[in-house]
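Visitor: Make a model of this:
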Amino acid sequence: MATRERPIAILDSTLREGEQTPGVCFPPHAKLAIGDALERLGVDVIEAGHPRVSPSIEAAVRGLGARSYKAQVAAHARSVQEDVDLALDCGVDFLGIFYCVSRDRLGGVFKRSLGDAIDQIASTIRYARERNPELTIRYTPEDTVRSHWDNVVEAAAAAVEAGADVISIADTTGHMVPGVRSLYDFVSRLRDDLDARGARPRLAVHCHDDRGLALANALDAYRAGIDVIDATVLGLGERAGLVDLASLLAVLAVDLEEQAAAGWDLTVLPELYRLVSTYSGVTIPAGHPVVGENAFTHCAGVHTHAATKNAVHYQSLDPALFGREMLVSLDHMSGLSSVRYALDKLGEEADVELATRVLEQVKRVGEVGRTVGKAELRDIVRWCRRATDAEATPVAVGGPAGSR
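Guide: Take a look at the predicted model:
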């Protein structure tokens with residue numbers, strides 16, 4: 001793994017790339033609430049949107065740009081001065097400028113030479129730098145990984161010379177595959193080639209999930225010493241979306257020991273995901289890592305028996321780190337240990353006979369495709385206790401009223 005000069009930085013693009021999910025549009029008040037949650041989480045950059053797209057997005061970017069966040073607030077811009085002016089007028093301190101330099105796009109869409117494209121990129125960056133010398137500027141050659149190598153290097157080097165601080169490697173179509181088309185190799189080679197030209201920007205990766213490999217590719221880039229990783233809540237974004245933020249932070253914090261340096265408050269993640277889900281209309285899958293309803297829930301009897309003794313047997317992440325707790329599902333897969341664990345959590349005392357009766361009822365409920373929650377479990381316990389008491393009470397036979 002490459003030596004890291006500084007802690008990894010996280011750029012959250014939920015409010016920009018996330019709105020490129022079909023049907024997702026965050027109103028300004030939602031962007032403010034989500035931005036505040038991202039600030040509490042501790043991401044480094046909150047990408048607020050592309051102000052030129054609509055007045056509503058412009059208003060939201062202005063609102064976030066006026067917040068006194070520790071995180072930088074970023075705006076997106078084409079490589080044209082009017083986009084830069086509008087973005088900077090919104091008060092952002094991070095500007096992302098993009099322009100594709102692939103041969104197909106240059107010749108087939110833009111109808112211009114590489115030299116002309118580089119002149120436009122460089123002049124736009126210089127203009128932004130002149131307007132705000134303290135601004136962080138990122139240049140992204142769209143579809144970086146499928147573009148001609150020399151074009152990428154030429155454009156990136158010129159962007160750095162003009163004043164860009166960050167060069168973003170965009171896997172715009174989710175093309176990369178670890179071990180086949182490796183981002184580790186791409187990042188390493190680009191750094192070396194830029195260094196040979198005297199250009200030493202921070203490098204970022206923007207990984208799409210078309211092959212389901214966005215997280216794997218981002219971690220491949222991490223091994224190469226990448227400086228910034230883009231992510232979104234729920235992996236929202238164009239087509240199959242981007243790297244999922246919670247999944248990424250879990251690996252970085254627990255497995256790659258970035259938590260101490262970064263200081264993320266991972267307990268904010270459940271609240272953040274609920275906010276984004278509510279305002280986007282995108283449901284959090286029950287099995288979603290870290291934040292899904294079932295992420296720390298154990299079901300099968302063998303699992304729960306071991307997990308209730310020591311959660312490490314069937315958990316490699318501590319739910320408390322993310323503001324969660326271990327749960328046991330009560331359904332047709334449950335065993336006696338599951339029921340006893342749940343009863344203890346409710347403060348209900350039960351001998352073996354009562355616990356066995358409760359388990360029988362729980363399994364019946366589970367067989368119709370439901371799980372038993374706390375309230376229903378109390379009702380089941382009450383029912384089973386009454387049934388047990390009724391069986392234990394002698395039934396009178398005969399008597400005066402029934403005599404003949």
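
Visitor: those strands in the stretch 201-350 of the chain, which residues are they?
Guide: 202-207, 228-231, 297-298, 327-328 (DSSP state E, counting those that start in this stretch).

Visitor: Pull up the pairing partners for the first one, direction included.
Guide: Here strand 202-207 is paired, per DSSP bridges, with strand 166-171 (parallel), strand 228-231 (parallel).

Visitor: Mind checking the strands of the stretch 201-350 of the chain for the one nearest to residue 123?
Guide: strand 202-207 (22.0 Å; CB to CB). Backbone N, C-alpha and C define where each C-beta goes, glycine included.

Visitor: Check the offset of the helix or strand hosting residue 61 from the chain's centre.
Guide: Element membership of residue 61 [criterion: DSSP states H and E] is helix 55-65. Centre-to-centre, helix 55-65 and its host chain are 23 Å apart (CA atoms, centre = their mean, to the nearest Å).

Visitor: try stretch 189-201
Guide: 30 Å.

Visitor: Quick one: mean pLDDT for that stretch?
Guide: Across stretch 189-201, pLDDT averages out at 97.

Visitor: need the contact list for the closest residue to residue 299 other than its chain neighbours.
Guide: In this structure, residue 299 finds its nearest non-sequential neighbour in residue 329, 4.4 Å apart by CB to CB, 6 or more residues apart in numbering. If you count contacts by CB atoms under 8 Å, 6 or more residues apart in numbering, residue 329 has them with 294, 297-299, 338, 371.

Visitor: how far away is residue 234 from residue 46?
Guide: 16 Å (CB to CB, to the nearest Å).

Visitor: now swap in residue 115 and tell me
Guide: 35 Å.

Visitor: Give me the more crowded residue out of those two.
Guide: Counting neighbours by other CB atoms under 10 Å for residue 115 and for residue 46 shows that residue 46 has the greater number, 30 against 10.

Visitor: counting contacts, what elements does the one helix or strand that one maps to pack onto?
Guide: Using DSSP H and E, residue 46 sits within strand 45-49. Identification of packing neighbours for strand 45-49 by 3 or more CB pairs under 8 Å, 6 or more residues apart in numbering; DSSP states H and E yields strand 9-12, helix 28-41, helix 55-65, strand 72-78, strand 94-98.

Visitor: what does the shortest one rub up against?
Guide: Residues outside strand 9-12 that contact it (CB under 8 Å, 6+ apart) are 38, 43-47, 74, 202, 204, 227-233, 245, 248-249, 262.

Visitor: again, 7 Å this time
Guide: 38, 43-47, 204, 227-232, 245 (CB atoms under 7 Å, 6 or more residues apart in numbering).

Visitor: What pairs with it, parallel or antiparallel?
Guide: strand 45-49 (parallel), strand 228-231 (parallel).

Visitor: closest to residue 280 out of these?
Guide: Closest among the strands paired with strand 9-12, once you apply CB to CB, is strand 45-49, at 14.2 Å.

Visitor: excluding its backbone neighbours, what's nearest residue 50?
Guide: residue 76 (3.8 Å).

Visitor: separation between the one you found and residue 302?
Guide: Residue 76 is 50 Å from residue 302, by CB to CB.

Visitor: Same check on residue 365?
Guide: 20 Å.

Visitor: So which of those two has more stuff around it?
Guide: Using other CB under 10 Å, the more surrounded residue of residue 365 and residue 302 is residue 365, with 18 against 13.

Visitor: Alright, that wraps it up for me.
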